[in-house]
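**Student:** Everything below, folded, please.
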Amino acid sequence: EVAQVLDGMAIVVTGTLADQSRDEAKAAIVARGGKSPGSVSAKTTALVAGEGSGTKLVKAEELGIPVLDEAAFNLLLASGQLPG
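**Tutor:** Next up, the predicted model:
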């Protein structure tokens with residue numbers, strides 16, 4: 001049983017991650033009680049931005065949504081805490 005550390009969070013994944021596929025990243029979010037919508041909105045908790053992130057990254061920055069790299073994402077999965 002995985003701790004539900006992301007309950008109520010919406011984490012969008014974009015670009016290419018080094019250590020896992022996007023599907024694996026989404027599954028990890030859902031397993032911890034979060035949602036992984038396909039697009040960034042004002043309700044997005046954070047954006048995980050891998051290599052080659054495009055329009056989703058721009059939109060997240062416009063909306064002031066925290067942008068995580070893969071290391072920060074792994075910390076979030078472990079703890080449920082956004083860095084900073």
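**Student:** so who does Gly15 touch?
**Tutor:** When contacts are counted by Cβ atoms under 8 Å, 6 or more residues apart in numbering, Gly15 is found next to Ala49, Gly50, Glu51, Gly52, Ser53, Gly54, Leu57. Glycine gets a C-beta too; all of them are placed from N, C-alpha and C.
**Student:** who's in contact with the closest residue to it other than its chain neighbours?
**Tutor:** Nearest residue to Gly15 in three dimensions, chain neighbours excluded: Gly50, at 3.3 Å (Cβ to Cβ, 6 or more residues apart in numbering). By Cβ under 8 Å, 6+ apart, the residues touching Gly50 are Val13, Thr14, Gly15, Thr16, Leu17, Ala18, Arg22, Glu70.
**Student:** So which of the residues you listed belong to strands?
**Tutor:** The strands, defined by DSSP state E, take in Val13, Thr14 from the contacts of Gly50.
**Student:** tell me which of the contacts of Gly50 is nearest to Val30?
**Tutor:** Val30 lies nearest to Val13 out of the contacts of Gly50, by Cβ to Cβ, at 11.2 Å.
**Student:** That closest one contacts Val48, doesn't it?
**Tutor:** Yes. Counting by Cβ atoms under 8 Å, Val48 is a contact partner of Val13 at 4.6 Å.
**Student:** So for these two, which residues contact both of them?
**Tutor:** Residues touching both Val13 and Val48 by Cβ under 8 Å, 6+ apart: Ala25.
**Student:** before we move on, the earlier item: between all of the contacts of Gly50, which two are at the greatest distance?
**Tutor:** Thr14 and Ala18 (14.1 Å).
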